[in-house]
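Q: please work out how this folds:
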Amino acid sequence: MSRNFCIPGIIFLFCAFVLSLLVSISLPTLPALDIARSHLNGNAIIDGDTVNQVRFGVWAPCTYKDDGSRICQSAGHGYSVAISDVNKDANVIIGSAWTRGLAVHPVATAVTFIALLFSCSTHVTVTLIASILSFLAALLTLIAFAIDIALFAFLHHEVGELTNVNGSTNTAPGFWLTFVSLILLLLAGCTVCFGRRRDRMSGASSYPSYPMNSTTKTPFWKRFRRN
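A: Predicted coordinates for the structure are as follows:
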């Protein structure tokens with residue numbers, strides 16, 4: 001593939017892979033890289049503890065108390081969180097149906113890594129596969145981002161139902177890292193695809209040149225002249 005397109009494509013894929021990998025690790029390993037978080041102002045109870053904040057990651061939720069201490073559930077695929085006010089007059093449940101789909105994040109990361117490996121090749125067929133894998137990774141990341149949006153919207157609605165809590169819900173760093181990773185994957189797929197097209201066009205126009213036949217024909221009337 002053309003060097004002008006090869007290097008940017010690899011850089012885009014590498015950055016997208018790193019961001020997607022960080023989001024896939026998420027809570028409880030990386031506390032700062034959650035998908036959505038709710039500030040409960042110390043007026044809510046989760047698992048019997050009065051908490052100030054709850055964060056939702058790919059693998060687990062974590063709650064924070066007023067003193068800054070953190071409690072996380074055991075990491076697993078699909079989890080649920082029950083939130084109630086301190087008087088237990090109202091409660092809401094964020095079920096596993098809203099968190100199970102977050103596992104798409106590591107799948108998108110794996111496809112991005114494979115696309116990165118293929119993009120390092122200069123073979124025309126391999127670069128075509130790299131371009132296809134980049135767009136596939138972008139599609140999976142788009143699905144993961146849609147799941148993130150759905151979780152945020154549902155969490156925002158449910159926490160708003162707890163009128164005695166007066167909580168607020170915000171998107172978290174993992175949410176925006178997923179969005180940036182999606183943009184980078186789209187750029188990488190287009191870059192690799194355009195680089196392959198440029199190679200094909202340059203290959204089609206580089207035909208070997210042959211010298212023209214320099215033999216000149218004798219005019220008809222000069223054939224009858226006497227030497």
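Q: secondary structure class of residue 39, three-state.
A: Recorded secondary structure, residue 39: strand (DSSP: H, G, I helix; E, B strand; the rest coil).
Q: buried set for stretch 88-101?
A: 92, 94, 98-99, 101 (16 or more other C-beta atoms under 10 Å). For every residue, glycine as well, the C-beta is placed using N, CA and C.
Q: now distance to residue 178, pLDDT and secondary structure too, for these, in JSON lines please.
A: Formatted as JSON lines, the entries for the buried residues of stretch 88-101 read as follows, by distance: C-beta to C-beta, whole Å; pLDDT from 0 to 100; DSSP: H, G, I helix; E, B strand; the rest coil:
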{"residue": "92", "distance to residue 178": "25", "pLDDT": "93", "secondary structure": "strand"}
{"residue": "94", "distance to residue 178": "19", "pLDDT": "95", "secondary structure": "strand"}
{"residue": "98", "distance to residue 178": "16", "pLDDT": "95", "secondary structure": "helix"}
{"residue": "99", "distance to residue 178": "15", "pLDDT": "95", "secondary structure": "coil"}
{"residue": "101", "distance to residue 178": "13", "pLDDT": "95", "secondary structure": "helix"}
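Q: which one of these sits closest to residue 164?
A: Distance ranking of the buried residues of stretch 88-101 against residue 164, using C-beta to C-beta, places residue 92 first at 12.1 Å.
Q: hmm, back to that, how about TSV for the buried residues of stretch 88-101, with distance to residue 152 added?
A: TSV is the format used below for the buried residues of stretch 88-101 (distance: C-beta to C-beta, whole Å):
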residue	distance to residue 152
92	15
94	11
98	10
99	12
101	13
